[in-house]
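Participant: predicted structure and sequence below. I'll ask about it afterward.
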Amino acid sequence: MIVSETADKIKRMEIRGAGRIARAAAEALRDNALSSRAATTESFRMEMTQAADTLLATRPTAVSLPNAVHMVMAGIKKAFTVEEAKAGIVTRADEFVTSSQHAVERIAAFGSRHIRDGDTIMTHCNSEVALACIIAAHREGKEIEVFATEVRPRNQGLITIKTLNDAGIKTNFIVDSAVRSFISDIDLVVVGADAVTVNGAVVNKIGTSQVAHAAVEARVNVMVAAETYKFAPRTILGELIKIEERAGSEVLPDEIAKTLPNVTVRNPAFDVTPAEYVDLIVTEKGAIPPQMAYVIIRDYLGWEIGEFGDPLSGTGGLNGS
Ligand code: RI2
């Protein structure tokens, strides 16, 4: 798929979910490299940088996107010829997609161990990797039941209940505001992440922090499933994760909004759950308490992933260097 098409689909949320966005961006960069007619490494670099910038400008919150882009773009770094640069991009992109898929499988295997036979689980939004943990537990023969939220305004809960239904898992569908009413029936909250900061805070779909807050109040454990490429190296410098605010029309149709001149519709897509509300983050490298997020960034992602500016200066690779 060409870069502008992928970028549009990410913006419109036709491609969504932090992991899928990252893989789609890596694939778009690979396709862009393969179709390039650049005659010099310099012009190839410029073309690729432009493509990377287009993808980076789509949605600001999921750190998986810049991490994937920087890992792939690092493939140009040591290239002398256009052919080498192309091969570098293609290899990195393929590596990223494959390792991302493996990461989801490993997290499912690790995460399912924390789900017990007879557990009732609550999940919020639609996280591929959180659902993979739940489905793995079900396939292991554990009898589980799920409460899935609606997830206004984009209703990603509908995708979640379809996946759970197709997997044959007993599921309850509730509106977002019913979370606290049902939390005492829940044994474990399982959610995904769009970003994990160096101090273990989890940025995820708006409403996640309310679910976690209700869970903490009811002494229910909160497990977050997140691949290491969702951890944000830049937060070590104190940088905050930018919370995307989407169009108000997603919440209230423009025809109604324009009849209410004194009303402003606010539509943040994500919120921040502090580390203290999270019991466990399951990554493909193992399950960690959120306070160990620093170690994941230091040991597996690497500070030089390229998040620190020039996308071509990163070392990349899931193991960093
Ligand atoms: P996976 C999604 O964001 C949700 O917040 C979800 O929890 C998170 O990405 C992680 O998704 P959006 O794209 O990578 O729906 O686990 O705004 O699929």
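Facilitator: Alright, I've got the coordinates.

Participant: who are the contact partners of the residue in the stretch 201-321 of the chain that the ligand sits nearest to?
Facilitator: Nearest residue of the stretch 201-321 of the chain to the ligand (CB to the nearest ligand atom) works out as residue 205 at 3.4 Å. Bear in mind the C-beta positions are built from the backbone N, C-alpha and C, glycine included. For residue 205, the contact set (CB atoms under 8 Å, 6 or more residues apart in numbering) comprises 124-125, 151, 156, 191, 194, 269-271.

Participant: and those near the ligand, which?
Facilitator: 125, 156, 191, 194, 269 (CB under 6 Å from any ligand atom).

Participant: which residue packs closest to the fourth one, ignoring adjacent ones?
Facilitator: Right, the one you point to is residue 194. residue 62 (4.1 Å; CB to CB, 6 or more residues apart in numbering).

Participant: next, give phi and psi for the one you found.
Facilitator: phi -60, psi 110 (degrees, to the nearest 10).

Participant: residues near it, how many?
Facilitator: When neighbours are counted by other CB atoms under 10 Å, residue 62 registers 30.

Participant: quick one on the thing from earlier: what is the nearest of the contacts of residue 205 to residue 118?
Facilitator: Closest approach to residue 118 among the contacts of residue 205 (CB to CB): residue 191, at 20.5 Å.

Participant: so what's the closest one bridging to?
Facilitator: residue 224 (DSSP bridges).

Participant: next up, the contacts around it.
Facilitator: 123-125, 127, 130, 202, 204-205, 208, 211-212, 222-225.

Participant: quick check: the farthest pair among these?
Facilitator: 205 and 223 (15.6 Å).

Participant: could you pull out the strands in the stretch 201-321 of the chain for me?
Facilitator: 202-205, 221-225, 270-273, 280-283, 286-288 (DSSP state E, counting those that start in this stretch).

Participant: same list (these) but as TSV, adding mean pLDDT and distance to residue 78.
Facilitator: Formatted as TSV, the strands of the stretch 201-321 of the chain follow (pLDDT from 0 to 100; distance: least, CB to CB, whole Å):
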stretch	mean pLDDT	distance to residue 78
strand 202-205	98	33
strand 221-225	98	34
strand 270-273	98	36
strand 280-283	98	29
strand 286-288	97	31
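
Participant: out of these, which one sits most buried?
Facilitator: With neighbours defined as mean count of other CB atoms under 10 Å, these peak in mean count at strand 202-205, which reaches a mean of 27.

Participant: what about that one, distance to the chain center?
Facilitator: How far strand 202-205 lies from its chain's middle: 9 Å, per CA atoms, centre = their mean, to the nearest Å.

Participant: ok, the contacts of residue 191 vs residue 27, which is closest?
Facilitator: residue 127 (20.3 Å).

Participant: go ahead and confirm that closest one touches residue 17.
Facilitator: Yes: between residue 127 and residue 17 a contact is recorded at 6.8 Å, counting by CB atoms under 8 Å.

Participant: can you name the residues bridging to the residue of the stretch 201-321 of the chain closest to the ligand?
Facilitator: Beta-bridge pairing for residue 205 (DSSP bridges): residue 270.

Participant: when you give positions from now on, start the count at 39
Facilitator: All right, first residue 39 from here; so that's residue 243.

Participant: got the residues of this protein near the ligand?
Facilitator: Within the chain, the positions adjacent to the ligand are 54-58, 163, 165-168, 194, 229-232, 242-243, 307 by CB under 6 Å from any ligand atom.

Participant: show me these that map onto strands.
Facilitator: 229, 242-243 (DSSP state E).

Participant: show me which residues of the longest helix seen in the chain are buried.
Facilitator: In the chain, assigned by DSSP state H, the helix with the most residues is helix 120-150. Residues of helix 120-150 classed as buried: 120, 123-124, 126-128, 130-131, 133-135, 137-138, 141-142, 144-146, 148-150 (neighbour count, 16 or more other CB atoms under 10 Å).

Participant: what's the following helix or strand after it?
Facilitator: Moving toward the C-terminus from helix 120-150, the next helix or strand (DSSP states H and E) is strand 158-161.

Participant: and the helices in this protein?
Facilitator: 41-49, 56-73, 79-94, 102-111, 120-150, 166-177, 195-204, 217-220, 246-255, 292-295, 331-334.
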